[in-house]
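[1] Mind folding the following:
(chains A and B)
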Amino acid sequence: MLEVKNLTFKVNENGIERSIVKNISFHVDDGEMLVITGPNGGGKSTLAKVLMGIEDADEGQIILDGEDITSYDINHRANAGIGFAFQQPPRFKGMTVSRLLSLAAGRELKESECCGLLSRVGLCAQEYIKREVDSTLSGGEMKRLEIATVLAKHHKLCIFDEPEAGIDLWSFSMLIQQFEKIHSRKEESLILISHQERIIRMADRIMVIEDGKIGAVGPKEEILPQLLDKGDSCACMNRE
Amino acid sequence: MPELLDKITEKILKQIDEKGFKQKGAFNLRHNGIALCHGDSEHIKIKKKEDKPGIDIFIDGETRGEQVHIPVVVDASGMKDEVYNDFYIAEGADVTIVAGCGIHNSGCNESRHDGIHSFHVGRGANVRYEEKHYGEGEGTGAKVLNPVTKIYLDEDAVFTLDTAQIKGVDSTVRKTDVEMGANSKLYVVEKLMTHDNQMAQSDMEVRMNGEGSSAQIVSRSVAKGESKQVFHPKAVGNTKCHAHVQCDSIIMEHAEVSSIPEINARHLDAAIIHEAAIGRINDEQLIKLRTLGMTEEEAEGIIIDNFLN
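    Modelled structure (predicted):
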């Protein structure tokens, strides 16, 4: 279980301090899927980075399975059981897809295991395992590979920052299936940052972040109608 | 009977000959300026030069997928070894040549090896040439390697030049000169890492003289510490041809890298491209690997290893 207490993150812009994440508290239960949504620039991705330790919180506490990980750096949080998929994953010249997946798994993967992971994110495995993770891969391919790096290992908590961005419709459907599968097993907690209605509909609970604060949080049945009621005027959700 | 090799030589051979040096088939091990052992195969004959230090290697046209190993080991401090090796690869041959030099210097004098290799590659032959350079030893004497590689490609010949200098060489000036015939193909992969106060310079000139010739040159380097690197690849298109030159360097700490690609088209249908990039290790790459559980140091090592892979 993840517990976040009074989390605040500030930046200093030309000598002026500005809070991006403002005194946020929430929790994610074991096996629960929490979808975070909200308007662009509201602080969702920053919150995710603070949870992973990529950005340091100025105030507050992060507790994973009873362990206070607030002072842990990125790799210690990863080893404590947090997986993270970037919105814009980096490229690695000279590194093959299979090597990256092995690094993500924390052990040397067999070719068949790499193929299995790639198939789960809609990449035709044989074409990719020996390719380099460089500019020859498209943005969508990079994104799917990034998700595969998180699927390569069991985590207590997986954070996906806009997994749908840059992915074609067919692959998006496959990803939805993957998230549903992980969710149904109830072995890993999931935080998905998304604007996509199909993803939001999968949530157990929805949290809306606006201007660095929690605008609303609650069960899907309670929050989703509010989002839908806003209709086209809702800046945070892409309707299908 | 195979020659018994001492531990230092065995260790260096493991570093410079990844395919594994064996005293079988065609081979020649040069140790402190003399041929310690050598062997021929049915299709590859090695002859000692009469007029200067070095060997002539004759690879006949029936050679198919065979390897020839010609490593050099220098472990006498103060040794200055110069060698001329000429390769004659007959029409249609298919061969892998594994060279490389390792210096172990436990003294205070400079140890140096200058290897001047020339390759005369016949029509339609396919040659892969691997050359790895390595230095070690607890002494204060410098370890210096200055390779010169001259390649003459006949029509339809294919030459792959795979060079690596990964560790321990204090100073190197590499010169590579290539003449290309019609429809010949050249692939160059150059990998280099320097550290401390090391210096490395690589000058390369590829002249595409034959119509339809093509060259692909990829250079990847990492400069650490106070080291300095200079790259000067030059591609000259004298006819209808195609070339792509790519130099990528990672710079760390107080190192210095100069990349000076030069392309020279002397024909309307010469298509030559160059790309050069120098930069530090990308923070996003480090962070991504750290989210996989690695420390910053581990992530840095993996990025460098793969970049030079």
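
[2] Every contact and neighbour count from this point should use C-alpha atoms.
    Fine.

[3] Which residues are in contact with residue 25?
    The chain I'm using is chain A. By CA atoms under 8 Å, 6 or more residues apart in numbering or on different chains, the residues touching A:Ser25 are A:Glu3, A:Val4, A:Lys5, A:Asn6, A:Leu7.

[4] that's the wrong chain, I wanted chain B
    Applying CA under 8 Å, 6+ apart to B:Gly25 gives the contacts B:Gly39, B:Asp40, B:Ser41, B:Gln67, B:Val68.

[5] again, but for A:Glu55
    A:Glu55 sits next to A:Thr46, A:Lys49 when contact means CA under 8 Å, 6+ apart.

[6] Also B:Lys14?
    Residues in contact with B:Lys14 (CA under 8 Å, 6+ apart) are B:Gly20, B:Phe21.

[7] pretty sure it is in a helix, no?
    Yes. Per DSSP: H, G, I helix; E, B strand; the rest coil, B:Lys14 lies within a helix segment.

[8] gap between it and B:Asn28?
    Look at B:Lys14 and B:Asn28: by CA to CA, to the nearest Å, they are 15 Å apart.

[9] Same question for B:Glu62.
    Relative to B:Asn28, B:Glu62 is positioned 21 Å away (CA to CA).

[10] Looking at the two, which is more packed in?
    Using other CA atoms under 10 Å in any protein chain shown as the criterion, B:Glu62 and B:Asn28 rank with B:Asn28 on top: 26 against 14.

[11] Just to check, the more buried one is in contact with B:Gln67?
    No. With contact defined as CA atoms under 8 Å, B:Asn28 does not reach B:Gln67; the gap is 11.8 Å.

[12] ok, of the contacts of B:Gly25, which come out buried?
    Among the contacts of B:Gly25, the ones that count as buried by 16 or more other CA atoms under 10 Å in any protein chain shown are B:Gly39, B:Asp40, B:Ser41, B:Gln67, B:Val68.

[13] of all those residues, which two lie farthest apart?
    The distance between the two most remote of these (CA to CA) is 12.2 Å, for B:Gly39 and B:Gln67.

[14] overlap in contacts of the two?
    What both B:Gly39 and B:Gln67 touch, as defined by CA under 8 Å, 6+ apart, is the set B:Gly25, B:Ala26.

[15] which residue ranges form the helices in chain A?
    Along chain A, the segments classed as helices by DSSP state H run A:44-52, A:74-80, A:97-105, A:111-120, A:125-128, A:139-151, A:169-185, A:197-200, A:220-230.

[16] among these, which is nearest chain B?
    helix A:74-80 (4.2 Å; CA to the nearest CA).

[17] and the residue in the stretch 151-300 of chain B positioned nearest to chain A, what helix or strand is that in?
    Per CA to the nearest CA, the residue of the stretch 151-300 of chain B with the smallest distance to chain A is B:Gly293, at 4.2 Å. Counting by DSSP states H and E, there is no helix or strand that carries B:Gly293.

[18] Could you pull up the residues touching it?
    Contacts for B:Gly293 were tallied using CA under 8 Å, 6+ apart; they are A:Ile74, A:Asn75, A:His76, A:Arg77, A:Ala78, A:Asn79.

[19] Also B:Val127?
    Taking CA under 8 Å, 6+ apart, we find B:Val127 in contact with B:Ala93, B:Asp94, B:Val95, B:Thr96, B:Ile97, B:Val121, B:Val158, B:Phe159, B:Thr160.

[20] can you put these in JSON lines and add neighbour count, pLDDT and secondary structure?
    Listed next are the contacts of B:Val127 as JSON lines, based on neighbours: other CA atoms under 10 Å in any protein chain shown; pLDDT from 0 to 100; DSSP: H, G, I helix; E, B strand; the rest coil:
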{"residue": "B:Ala93", "neighbour count": "23", "pLDDT": "98", "secondary structure": "coil"}
{"residue": "B:Asp94", "neighbour count": "22", "pLDDT": "98", "secondary structure": "strand"}
{"residue": "B:Val95", "neighbour count": "22", "pLDDT": "98", "secondary structure": "strand"}
{"residue": "B:Thr96", "neighbour count": "18", "pLDDT": "98", "secondary structure": "strand"}
{"residue": "B:Ile97", "neighbour count": "19", "pLDDT": "97", "secondary structure": "strand"}
{"residue": "B:Val121", "neighbour count": "27", "pLDDT": "98", "secondary structure": "strand"}
{"residue": "B:Val158", "neighbour count": "26", "pLDDT": "98", "secondary structure": "strand"}
{"residue": "B:Phe159", "neighbour count": "24", "pLDDT": "98", "secondary structure": "strand"}
{"residue": "B:Thr160", "neighbour count": "19", "pLDDT": "98", "secondary structure": "strand"}
